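S.K.: my questions concern the predicted model and sequence given below.
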Amino acid sequence: MEIPELFSPLLTTFQNDDPEAFDQALKANLDVLHQHSETGDTLLLILCHLFTHELALPPKWGSPTQLEMIRKLCALGADPNAENAAKWKPLHVAAMTGQIALAEILIHAGSNLNGKLMGDPFGSPLALALFYAQTHVAKTIAQPPTPNNLRHAAGLGQPIDLFFQTDGSLVPSAITGLSFYRPFDFFPEWQRTYSRQEVVDEALTWAARNNQVGSMAELIDRGAELNNNVYRGTPLLWAVYGDRVEAAAWLLDHGADPDLRHDFGGSEHGKSAVALHLAAQFNGVKCLRLLLERGADPTIRDAAFNGTPLDWAEFGQAHEAVEILRKAAQN
């Protein structure tokens, strides 16, 4: 992210975790609250990025003192709804990184729940939180769910029956907002059909990554496919992404294939890989152990890097996963 010179004194005091110097720098130039960088970034948005270590995943957050500096900025009138050129606003940052306290500060300061990520009118903070399996912050943001559709209800564990007609067909609101399906352009384009099967299968992946077993069961009853890779990952793959062991176990119990090769994630991420690769890379040790217990093959190599899950764990410096997989190789 570009750091404009006009913000430098405040950013330095923020990074040094020095609230007194931050207050002094702010009092010296209150106009900075309403200024923008060449890419449209406000001071508030930049501080939110710094607090979340530039959208680090797994999440990594700054100090309580830094959070209070952000709160002070909002109290002095910083606009929580100001977007940059890429249509990011502060609540998107809190949503993607699961930062509940930051989200509460921004909502209290007047942040609305709408968003336009990727230039889509439905690229809301809620959609971003649920996409990245940040379920707890999603529930904070979903007051009300914006937009309210089948996949968001499934991801939140809310009733989904209202999105179906009595004959099983979808009501129009079920697909409201589904034009937003990727938060960054390194995820490939998807030529959506909005067919019933596509919509319920996508909803199943959103339920799985957010550990909503009840929603998963109902979607299967309504025709969702356990092993379908509707967009960049099967339900099992997305459950593994969030290390959602309850959802992963339920899927395996109901016939999900732990060794199903498929493409997942960004365009250059998983190619003809399996769920065990992702569990290894992201150190999802609960799902890693579960997959091994259920007979997943730790010797499968992906098509992009010719790597085993152990190779992925070593590359990702996922130390616990490395240890588990090395022990598995000895048995």
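M.R.: Looks like it came in fine. Residues are numbered from 1 along each chain as shown.
S.K.: show me what contacts the residue nearest to the spatial centre of the chain?
M.R.: Nearest to the geometric centre of the chain sits Tyr132, at 1.4 Å (CA atoms, centre = their mean). By CB atoms under 8 Å, 6 or more residues apart in numbering, Tyr132 lies in contact with 57, 95-96, 98, 183. Where C-beta positions appear, they are placed from N, C-alpha and C, glycine not excepted.
S.K.: among the residues you listed, who's most crowded?
M.R.: Tallying neighbours with other CB atoms under 10 Å puts Ala95 at the head of the contacts of Tyr132, with 31 neighbours.
S.K.: show me where the stretch 1-150 of the chain has its helices.
M.R.: All helices of the stretch 1-150 of the chain, identified by DSSP state H, counting those that start in this stretch, fall at 8-15, 19-28, 43-51, 64-75, 90-97, 100-108, 125-131, 135-141, 150-156.
S.K.: could I get the ones you listed as TSV with mean pLDDT?
M.R.: Listed next are those as TSV, based on pLDDT from 0 to 100:
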stretch	mean pLDDT
helix 8-15	92
helix 19-28	93
helix 43-51	97
helix 64-75	97
helix 90-97	98
helix 100-108	98
helix 125-131	98
helix 135-141	97
helix 150-156	98
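S.K.: to Leu290, which of the ones you listed lies closest?
M.R.: helix 135-141 (18.8 Å; CB to CB).
S.K.: from the chain's centroid, how far away is that closest one?
M.R.: Helix 135-141 sits 11 Å away from the centroid of its parent chain (CA atoms, centre = their mean, to the nearest Å).
S.K.: same question for stretch 273-284.
M.R.: Mean-position distance between stretch 273-284 and its chain equals 17 Å (CA atoms, centre = their mean).
S.K.: just stretch 230-248 next, same as before
M.R.: The answer for stretch 230-248 is 12 Å, by CA atoms, centre = their mean.
S.K.: stretch 160-167 too?
M.R.: Between the centre of stretch 160-167 and the centre of its chain there are 27 Å (CA atoms, centre = their mean).
S.K.: list the contacts of that stretch.
M.R.: 149-150, 153-154, 170-171, 173-174, 203, 215, 218-219, 222.
S.K.: buried ones from these, can you make that a PyMOL selection?
M.R.: The PyMOL command for the buried members of the contacts of stretch 160-167 (criterion: 16 or more other CB atoms under 10 Å) is given here:
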select buried, resi 149+150+153+154+170+174+203+215+218+219+222
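S.K.: what is the nearest of the contacts of stretch 160-167 to Ser195?
M.R.: Checking the contacts of stretch 160-167 one by one against Ser195 (CB to CB), the nearest turns out to be Leu170, at 9.4 Å.
S.K.: burial measure for the closest residue to that closest one other than its chain neighbours, as a count.
M.R.: In space, and not counting its chain neighbours, Leu170 is closest to Arg196: 5.6 Å by CB to CB, 6 or more residues apart in numbering. Neighbours of Arg196 under the rule other CB under 10 Å: 16.
S.K.: how about Gln165?
M.R.: 9.
S.K.: how near is it to Ser173?
M.R.: Distance, Gln165 to Ser173, using CB to CB, to the nearest Å: 11 Å.
S.K.: ok, His140 - contacts?
M.R.: Heads up, residue 140 is Thr, not His. Going by CB under 8 Å, 6+ apart, Thr140 touches 100, 103-104, 107.
S.K.: one more: Leu128?
M.R.: Taking CB under 8 Å, 6+ apart, one finds 92, 95-96, 115, 117, 183 in contact with Leu128.
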